[in-house]
Structures are given as structure tokens and as C-alpha cells.
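Undergrad: Everything below, folded, please.
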Amino acid sequence: MDLQNQQRVKDAAEKYGAENVVVVLGSSDAEGAEIYAETVCNGDPTYAGPLAGVPLGLAVYDIFEQDIRDEADPEEWENQISMMEMVLEPDALADAVKGIRDQYSKYTL
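TA: A predicted model of the protein is given here:
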């Protein structure tokens, strides 16, 4: 997660309260998804950005998780996400983010 996005997430958590912020990730690989999820939950593991040492505990989900899909408009899901669902590994991505959420998140949907 780049430094600008880390700052945006940190600012949103400060402005709205961490309990009111949900991060939805759309990564193409499970390893990247885990790192992004850990960054918003437990702080930047590379200690390079605004979230270094800042464990926000945010609720974090992958776009392919059923909880997120249930919230999406079915037509928009079909138009915007269904193609990626066919070419990526949605279960692996969802499992990677869920593992980090279970370990570090203080909040859920």
C-alpha cells in the first residue's frame, strides 16, 4: 500500500473513528492482499509509511468475500467485478484477508 493511501486510511480513521471505517481490498494476489490487510489492521509491516507502528484494527475485507458481495448491487457486480472473479483466485484472496482480519482487526461489518 503506497504512502498516500496509508495516509488516506489513517485520516479517515481519525476523522470518522476506526469503528466506522471498513477497508475493501481488490488485490490480484494473496500475498499482496495479506500485506495490505495487515497494514490497515496492525500497522505497516515495512515500517515505511504513515501507518508504521499504528495498529488501527480496522475492519478489512476482500472484494470477493460474501459479506461484501451481499452489499453490492448485482448488476454492478456483474459489470464491474465478475470478469475478475473468473481470472483471479477469489477464494485464496478472501481467505488471505480473512486470516489477517481474524488475527488483527478490532472491528467487523
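
Undergrad: What helix or strand is A12 located in?
TA: Taking DSSP states H and E as the criterion, A12 maps to helix 3-16.

Undergrad: Run through who's touching that helix.
TA: 1, 21, 23, 39-40, 44, 48-51, 54, 56, 58 (C-beta atoms under 8 Å, 6 or more residues apart in numbering). Heads up, the C-betas are built off the backbone N, CA and C, glycines and all.

Undergrad: mind redoing it with 7 Å?
TA: When contacts are defined by C-beta atoms under 7 Å, 6 or more residues apart in numbering, helix 3-16 is touched by residues V21, V23, T39, V40, D44, G49, P50, L51, V54, L56, L58.

Undergrad: can you check stretch 42-60 too?
TA: 3, 6-7, 9-10, 13, 18, 21-23, 25, 35, 37-41, 97, 100-101, 104-109.

Undergrad: of those residues, buried ones?
TA: With neighbours counted by 16 or more other C-beta atoms under 10 Å, the contacts of stretch 42-60 contain buried members at 6, 9-10, 13, 18, 21-23, 25, 35, 37-41, 97, 100-101, 104-105, 107.

Undergrad: now, which of the contacts of helix 3-16 sits nearest D91?
TA: Of all the contacts of helix 3-16, D91 sits closest to V23, with 19.7 Å by C-beta to C-beta.

Undergrad: which stretch of helix or strand covers that closest one?
TA: With DSSP H and E as criterion, V23 is part of strand 22-25.

Undergrad: Relative to the whole chain's centre, how far out is that strand?
TA: 4 Å (C-alpha atoms, centre = their mean, to the nearest Å).

Undergrad: That strand: what's the following helix or strand?
TA: Following strand 22-25 toward the C-terminus (DSSP H and E): helix 30-42.
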